[in-house]
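Q: structure for the following, please:
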Amino acid sequence: MPVYSMTGYASAQHGTSATGAETDARATPSRRLGLEIRSVNSRFLDLSFRLPDELRAQEPALRSLLTARLKRGKVEVRAALESEDSNTLQDPPPRLLQRLNSIQDSVKAWLPNAAPLTVADALRLCANAPSASEDWSDAVPALAEDALDALMAAREREGKRLAAMLQDRLKQLRALAAQAVPMVPQLVEQQRTRFMERWKEAMALTDGAVAPEAARDRALTEATAFAIRIDVAEEITRLDSHLDEIERLLKKGGEVGKRLDFLIQELHREANTLGSKSAALDLTRISVDMKVLIEQMREQVQNIE
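A: Residues are numbered from 1 along each chain as shown. As a prediction, the model looks like this:
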């Protein structure tokens, strides 16, 4: 399975020709249904819908469709209905004009000084009047399927880019770990040589007051303790294991975001321990470089489903 990003955008449109319910049976302008789906990263699946009242009944079907294919992310669905001839002034229905005229007569019977309706008033009231409802139960799910297919394709493309970036960081981390491995024996040998030199200097100063064997054993004991203290073989082994697991998850794909996030935390822990055990500037530099790469990975893993 591919790796999916939680970030994506898709839109789709559907046109329909609605027939008015007026007695003259004139065709009203074609109506266009537009639907947008936006998604960003989130710990869980968080769905929100912005639908006109006419489409509110379709929310359960849309929610079921999205939850079947999306597992994580903050997802917003927007839908709108608009006339394709929205810039063209339409003739008000005669029945509605008759109704307005009747209402105006009733008002003037009670309020003789009331101003009469203007043409602008009549057009505005007719435009705001509810139109005959249409059945969108088939069109909305079909359109949402198209938009969701496009969204999944966009999330897959972004996920592929994220996976490639993570693979590159994995390669760099392995190279840094390989540089750190031979440093520890070198440091141990350097420290052992330094302890032995101090032992010889101490023996020269004591003029035989201290047994050579005791002083030599003390120097070797300190060298051994130093070697144990700076040994990072265990950290390097765990770090390599985490890198192998991340690479396996990227190849597997699917819902791997939470698992990757946990492994990134473990990588950061090992890099910190590596830095705390550092006994040389080169090893400190390697630890810092590792933490920079791991932080870059952490930021990108937050976007993976």
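Q: when you work out contacts or count neighbours from here on, use the C-alpha atoms and nothing else.
A: OK.
Q: can you pull out the helices in the stretch 1-150 of the chain?
A: In the stretch 1-150 of the chain, the segments counted as helices under DSSP state H, counting those that start in this stretch are 59-69, 94-110, 119-128, 139-180.
Q: highest mean neighbour count out of the ones you listed?
A: Among the helices of the stretch 1-150 of the chain, helix 139-180 has the highest mean neighbour count (mean count of other CA atoms under 10 Å), at a mean of 18.
Q: now tell me which helix or strand of this structure has the poorest mean pLDDT.
A: When the helices and strands of the chain are scored by mean pLDDT, DSSP states H and E, helix 212-230 comes last with a mean of 59.
Q: where among the helices of the stretch 1-150 of the chain is the average confidence lowest?
A: Of all these, the minimum mean pLDDT falls on helix 119-128 (a mean of 78).
Q: touching stretch 291-305 from outside, list them.
A: 3-7, 40-42, 71-73, 159, 162, 166, 169, 172-173, 254-258, 260-261, 264, 267-268, 271-272 (CA atoms under 8 Å, 6 or more residues apart in numbering).
Q: make it 6 Å
A: By CA atoms under 6 Å, 6 or more residues apart in numbering, the residues outside stretch 291-305 that reach it are 4-6, 41, 72, 255, 257.
Q: tell me how many other residues surround A114.
A: 11 (other CA atoms under 10 Å).
Q: Provide the backbone phi and psi angles at G253.
A: As for G253, its main-chain torsions (degrees, to the nearest 10) stand at phi 70, psi -170.
Q: can you pull the pLDDT of it?
A: Note for G253: predicted pLDDT of 90.
Q: quick check, it in contact with S5.
A: No. G253 lies out of contact with S5 (CA atoms under 6 Å); the separation is 10.8 Å.
Q: neighbour-wise, which of those two wins?
A: Taking neighbours as other CA under 10 Å, G253 and S5 compare with S5 leading, 30 against 18.
Q: doesn't R157 make contact with the more buried one?
A: No. At 8.0 Å, S5 does not count as touching R157 under the criterion of CA under 6 Å.
Q: of the helices of the stretch 1-150 of the chain, which is nearest E247?
A: Smallest distance to E247 across the helices of the stretch 1-150 of the chain (CA to CA): 7.1 Å, for helix 139-180.
Q: for that closest one, name the packing helices and strands.
A: Judged by 3 or more CA pairs under 6 Å, 6 or more residues apart in numbering; DSSP states H and E, the packing partners of helix 139-180 are strand 8-19.
Q: same question for the strand it packs on, mean pLDDT?
A: Mean pLDDT, strand 8-19: 70.
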